[in-house]
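Asks: Next one to model:
(one chain, ligands or ions: 1)
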Amino acid sequence: QGTMEVSQDGILEVAGHNLVDIAEEYGTPLYILDEKEIRDNCRAYREAFEKWYPNSETLYASKAFLSVAMARIIDQEGLGLDVVSGGELHVALEADFPVEKIYFHGNNKTPDEIEMALDAGIKSFVVDNQYELELLNQLAGKHGVVQDILLRVTPGIEAHTHSYIQTGQTDSKFGVGVQNGLALETIKQVKELKNVKLVGLHCHIGSQIFKLKSFAKAIEVMMDFVEEVKEETGLVMEELNLGGGIGIPYTEDEEKPSIDQYAEIVTKTIKETCESLDMPLPKIINEPGRSIVGTAGSTIYRVGSVKQIPNIRKYVAVDGGMPDNIRPALYDAEYEACVVNKADQELEETVTITGKCCESGDILIKDIKLPHIEPGDILLTSCTGAYGYAMSSNYNGVTRPGVLLLSENNIDWIVKPESKQDLISNDVLPERLK
Ligand code: LLP
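Replies: Residues are numbered from 1 along each chain as shown. Below is the predicted model of the structure:
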């Protein structure tokens, strides 16, 4: 994965840096990000889409992981940004991210968030529902602007992924349905509004999808709908946003299509569908998160308690767990791990890696084969760059690990580790309790 290698003395390295030394110097648990891998993934998307379909734009879905430095890297690589809250927008603005490349998502943007984005002058809102449409129209009027929008629709497709991250079906909290007529009704409503301009449509069928056919199916439904919109309302949808990117292989037995294959099938399907419907080609936008930053990130832990339950299982506890990676508990997500200081040793025992929280569900990896593992060893879980730090918490009073950016010549904090004092930085002790 990325620039990961095993040194001659059997130690895992990222971007040429010895991870035992990194653990000693920067402490554990620790998120590390391989800068080259992030940049390579950004370029792979940009180049693949430019090659197959020049009228396209790739946005990075901030929800996977955002910090001021990450926003700078995304900008340097020429991608736009998808934000889903005033908080993510704030980080983007602090990073001086170009506002004309920011798209605002979300199924319940508050009036404050909408006004913040209107003030900033972002490119576009992805409007989720009729209530939001009216609200945005009213607030855009107050700001004296006509705001470009995309409408989020659900194409009625159930993708093969965990039900918590499926989003394209009609029964969804996101978007308005193509199949039940709500999407068309909403578009007719937009025609009556003066302060919003409908530029195109958005759909997202879910996250961690490997089956390229699901994306192709969604495109066919969307293009049929684009045609229906034109016939029914006379409006031409100039942009089609296809939502998140492809899935990533968290474990060795998963095989993922390449970014280039994904771009090829998406663009081919659009071209063929437009040709058969005799329609102009729309601009296409995609907004990958996981496949930009997921494989670029790993988490390093130190092993503490090791406990053999006779004839049942060996539990190996690390100094982090569900507060820094909720995905196994939330989605039964699977991960690979490696003992950093024994990277060249034989996999000789099956163990279960647990976190340090007071929860039986705080298990990072069940039954994984590793070299003989002992307290003090350094363990790395791979592919934690997306939705790891972003979904972290302070559960059990655990401080969030920092994020260290590694490149060939540099080691930089891009998010500092939290301190125990940070845990009480918003606490207030009322006078009467002193
Ligand atoms: N665009 C929209 C509208 C989305 O809802 C999402 C993800 C993305 C883009 C980015 O999708 P990606 O390329 O990362 O697959 N916390 C979950 C994932 C939830 C994703 C929600 N939306 C996880 O850890 O798997």
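Asks: I'd like to know how many residues surround K51.
Replies: Counted with other C-beta atoms under 10 Å, residues neighbouring K51 total 12. The way it works is simple: take the backbone N, C-alpha and C, and place the C-beta from them, glycine included.
Asks: What helix or strand is it located in?
Replies: K51 belongs to helix 35-52 when assigned by DSSP states H and E.
Asks: So for that helix, what gets flagged as buried?
Replies: The neighbour-count check on helix 35-52 (16 or more other C-beta atoms under 10 Å) flags 35, 37-42, 44-46, 48-49, 52 as buried.
Asks: Contact partners for the residue nearest to D260 when sequence neighbours are not counted?
Replies: Leaving aside its sequence neighbours, D260 sits nearest to A48 (C-beta to C-beta, 6 or more residues apart in numbering; 4.5 Å). A48 makes contact with I259, D260, Y262, A263, E264, according to C-beta atoms under 8 Å, 6 or more residues apart in numbering.
Asks: Any chance of a PyMOL selection covering the buried ones in those residues?
Replies: Buried members of the contacts of A48, defined by 16+ other C-beta under 10 Å, are picked up in PyMOL with:
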select buried, resi 259+262+263+264
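Asks: Pull up the residues of the chain that are close to the ligand.
Replies: For the chain, the residues in contact with the ligand (C-beta under 6 Å from any ligand atom) are 61, 63-64, 82, 105, 165, 167, 204, 207-208, 243-245, 287-291, 327, 331, 386-387, 391.
Asks: Filter the residues you listed down to just the ones in strands.
Replies: Judged by DSSP state E, strands contain the following of the residues of the chain next to the ligand: A61, D82.
Asks: State the distance from the residue of the stretch 51-200 of the chain found nearest the ligand to I309.
Replies: Residue of the stretch 51-200 of the chain nearest the ligand, by C-beta to the nearest ligand atom: A61 (3.6 Å). To I309, A61 is 41 Å away according to C-beta to C-beta, to the nearest Å.
Asks: what about these two, which has more around it?
Replies: Neighbours around A61 and I309, counted as other C-beta under 10 Å, are more numerous at A61. The numbers are 28 against 9.
Asks: can you pull the contacts of the more buried one?
Replies: D82, G244, G245, E287, P288, G289, R290, I292.
Asks: okay, among those residues, which ones form the most distant pair?
Replies: Spanning the widest gap among the contacts of A61 are D82 and R290, at 12.7 Å by C-beta to C-beta.
Asks: The two: who's more crowded?
Replies: D82 (30 against 25).
Asks: Kindly state the beta-bridge partners for the more buried one.
Replies: A61, Y103 (DSSP bridges).
Asks: And what about the closest residue in space to V83 that isn't next to it in sequence, helix, strand or coil?
Replies: Nearest residue to V83, sequence neighbours excluded (C-beta to C-beta, 6+ apart): L89, at 4.7 Å. Assigned by DSSP: H, G, I helix; E, B strand; the rest coil, the conformation of L89 is helix.
Asks: Could I get the contacting residues of L89?
Replies: The contact partners of L89, taken as C-beta under 8 Å, 6+ apart, are V83, I102, F104, E113, M116, A117, A120, I122.
Asks: A343 touches V14, doesn't it?
Replies: No - contact criterion C-beta atoms under 8 Å: A343 and V14 do not qualify, at 11.5 Å.
Asks: Neighbour count for the two, which is higher?
Replies: Neighbour totals were compared for A343 and V14, and V14 leads with 27 against 21 (other C-beta under 10 Å).
Asks: ok, which stretches of the protein are helices?
Replies: 19-26, 35-52, 68-76, 86-94, 111-120, 130-142, 182-191, 212-233, 259-277, 290-293, 327-331 (DSSP state H).
Asks: Pull the residues that contact the fifth one.
Replies: Judged by C-beta under 8 Å, 6+ apart, the contacts made with helix 111-120 from elsewhere in the structure are 85-86, 89-90, 93, 99, 102, 104, 106, 109, 125, 135-136, 139-140, 143, 145, 147.
Asks: now the closest residue to A296 other than its chain neighbours: how far from L405?
Replies: Using C-beta to C-beta, 6+ apart and skipping the chain neighbours, the partner closest in space to A296 is E37 (3.7 Å). Counting by C-beta to C-beta, the gap from E37 to L405 is 11 Å.
Asks: Ok, L423 next?
Replies: For L423, the distance to L405 - C-beta to C-beta - is 25 Å.
Asks: Likewise for G106?
Replies: 28 Å.
Asks: follow-up on the earlier one: redo the contacts of L89 as JSON lines? Include pLDDT.
Replies: Below are these laid out as JSON lines (pLDDT from 0 to 100):
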{"residue": "V83", "pLDDT": "98"}
{"residue": "I102", "pLDDT": "98"}
{"residue": "F104", "pLDDT": "98"}
{"residue": "E113", "pLDDT": "98"}
{"residue": "M116", "pLDDT": "98"}
{"residue": "A117", "pLDDT": "98"}
{"residue": "A120", "pLDDT": "98"}
{"residue": "I122", "pLDDT": "98"}
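Asks: May I ask which two of these are separated the most?
Replies: Every pair of the contacts of L89 checked by C-beta to C-beta; the farthest is I102 and E113, at 12.7 Å.
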